[in-house]
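Peer 1: here's a sequence, model it:
(2 chains)
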Amino acid sequence: ELKVEQNPLFLSMQEGKNYTIYCNYSTTSDRLYWYRQDPGKSLESLFVLLSNGAVKQEGRLMASLDTKARLSTLHITAAVHDLSATYFCAVGSGGSNYKLTFGKGTLLTVNP
Amino acid sequence: GAGVSQTPSNKVTEKGKYVELRCDPISGHTALYWYRQSLGQGPEFLIYFQGTGAADDSGLPNDRFFAVRPEGSVSTLKIQRTERGDSAVYLCASSFSGGGGYGYTFGSGTRLTVV
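Peer 2: Coordinates of the predicted model:
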C-alpha cells in the first residue's frame, strides 16, 4: 500500500525567509503533484512532476522530484503572507498512475 | 465548462437519509474521480471513471456508496442510509486522460454534514 508522508505538518515562518517542505513516498512512482488549498476552498494545482530529476518553478515556489529517493521537495523562497495556505503532495499509482494518494498536508503560516 | 462544477456546495442531511452529489467535469475530459476529504486530512480516493465505466471503485468505503456516470460526462455519487461518519467534503476531479500527465482539475467540493 502506497504511503505518502509530508513534513513538517505545521510551518510558521517569517516573511522573507526560505524553507522546504518534504514529501516522502513508499513505493515506486514517477508522478508527483503539488496542490495548494486555502481554508474552505478546493485544491489548486501548483506543479506536475513526471520524471526523475524534474524541477519546476513558479514565482517563489520551486518543486523537485527524485524518484530514486522517493522524495519530492517544495522550496519556498522569500516567503510572503499570500503564501499562507495548506500544501499537499500527491503521488500517482495504479495502471496508468490515475490514483492519487495524498499526504496529510503542511499548514503554512507566513507572519509579517 | 470552464471548470469542474459540483452541486450542491453544502448539504445537511439527517442520519439514515439518502443523498446524491453531482459533478459536472470539464468538457472533453474523459476521466473523472471522486475523493473524500475529512477535516484536517488529505483527500482520499473513492472511485475513478474512464468514460461511462467505473475503472476502479476500490476506495468506496462500503456498499452504501455508489457512483454513476451514464453518458460519460456528469457523475453522481449516491450515499444510502447516511451515517455521521460520512460527514466530509466530497471532491470531484477530472482529467484529459486517465494518467494525469496533464494534471487533475478539482471542483470546489460538496460539504456533507450528517446530523
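Peer 1: ok, the residue of chain A found nearest chain B - how many residues close by?
Peer 2: Closest residue of chain A to chain B, Cβ to the nearest Cβ: residue A:102 (3.1 Å). C-beta coordinates here come from the backbone N, C-alpha and C atoms, glycine included. Using other Cβ atoms under 10 Å in any protein chain shown, residue A:102 has 22 neighbouring residues.
Peer 1: got a list of what it touches?
Peer 2: A:4, A:88-90, B:42-44 (Cβ atoms under 8 Å, 6 or more residues apart in numbering or on different chains).
Peer 1: what's the closest of the residues you listed to residue A:75?
Peer 2: residue A:89 (12.9 Å; Cβ to Cβ).
Peer 1: and the pLDDT at the closest one?
Peer 2: We have a pLDDT of 97 for residue A:89.
Peer 1: partners of it in the sheet?
Peer 2: On the basis of DSSP bridges, residue A:89 takes part in beta bridges with residue A:34.
Peer 1: just checking, it touches residue A:34?
Peer 2: Yes: under the criterion of Cβ atoms under 8 Å, residue A:89 makes contact with residue A:34 at 5.5 Å.
Peer 1: overlap in contacts of these two?
Peer 2: A:23, A:72, A:74.
Peer 1: now do the SS call for the closest residue in space to residue A:17 that isn't next to it in sequence.
Peer 2: Closest residue to residue A:17 apart from its sequence neighbours, by Cβ to Cβ, 6 or more residues apart in numbering or on different chains: residue A:79 at 5.7 Å. Here residue A:79 takes the coil state, with states given by DSSP: H, G, I helix; E, B strand; the rest coil.
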